[in-house]
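K.L.:
Next one to model:
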Amino acid sequence: MNSPAHAHLAEAGLRRTLASETLLNLFMARPGHYLCHRQAAEALRDEGVAVHRVTLYRLLHRLVAAGLLNDQISEDRITRFAWLTRPERRCESHFECRRCHNLYQPEAPDAALNRLLEQLASDPAWQAHQTDQISLTLRGLCARCQEARTC
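P.N.:
The predicted structure follows:
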């Protein structure tokens, strides 16, 4: 079993099991595409890998702790996970659909957006705090839900 995920799991010091490799490969195949726990379980089942729901929760959170996946809690209070091509980025921006709650991550944030977020973080009102991550979430209807919307 020597998949693209194999080296990432080894570098992170995580066990390289069929479930962990299959799961990370699923996320790596669609960078920036967020899946909730249920969607990840369904994707694993589609690949013929059965994982207990608690085991999957633990695995997803281990991958986040190792820096291999990003997690976001959306407005519906469900945590979603994604492989980001550059997960070490300090400035994140997302679009969350209010209807389907899918999260969309732009491939690379615009330089102007990064400057704005850095400026906000360096505002004197926040100087007493140590910022290690900046996140901006835009909410509305995604293109798919707009098309499905009746007038």
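
K.L.:
So which residues of this protein form strands?
P.N.:
Counting by DSSP state E, the segments of the chain that form strands are 35-36, 70-73, 79-82, 91-97, 103-104, 134-140.

K.L.:
need those strands in CSV with mean neighbour count and mean pLDDT, can you?
P.N.:
C-beta here means a position set from N, CA and C on the backbone, and glycine is covered the same way. As requested, the strands of the chain are arranged in CSV below (neighbours: other C-beta atoms under 10 Å; pLDDT from 0 to 100):
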stretch, mean neighbour count, mean pLDDT
strand 35-36, 20, 92
strand 70-73, 15, 85
strand 79-82, 20, 90
strand 91-97, 18, 76
strand 103-104, 20, 80
strand 134-140, 12, 79
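
K.L.:
and of these, who's closest to V49?
P.N.:
Closest of the strands of the chain to V49 is strand 35-36, at 14.5 Å (criterion: C-beta to C-beta).

K.L.:
For this structure, give me the ranges with low pLDDT.
P.N.:
1, 85-92, 106-109, 131-134, 150-151 (pLDDT under 70).

K.L.:
and the chain, what are its domains?
P.N.:
As assigned by automatic domain parsing, the chain contains the domains 1-87, 89-151.

K.L.:
quick one: contacts for R144?
P.N.:
R144 is in contact with C97, C100, counting by C-beta atoms under 8 Å, 6 or more residues apart in numbering.

K.L.:
separation between it and G67?
P.N.:
For R144, the distance to G67 equals 30 Å [C-beta to C-beta, to the nearest Å].

K.L.:
do the same with A19
P.N.:
Distance of A19 to G67, given as C-beta to C-beta: 19 Å.

K.L.:
between those two, who's got more neighbours?
P.N.:
Ranked by neighbour count (other C-beta atoms under 10 Å), A19 and G67 place A19 first, with 18 against 13.
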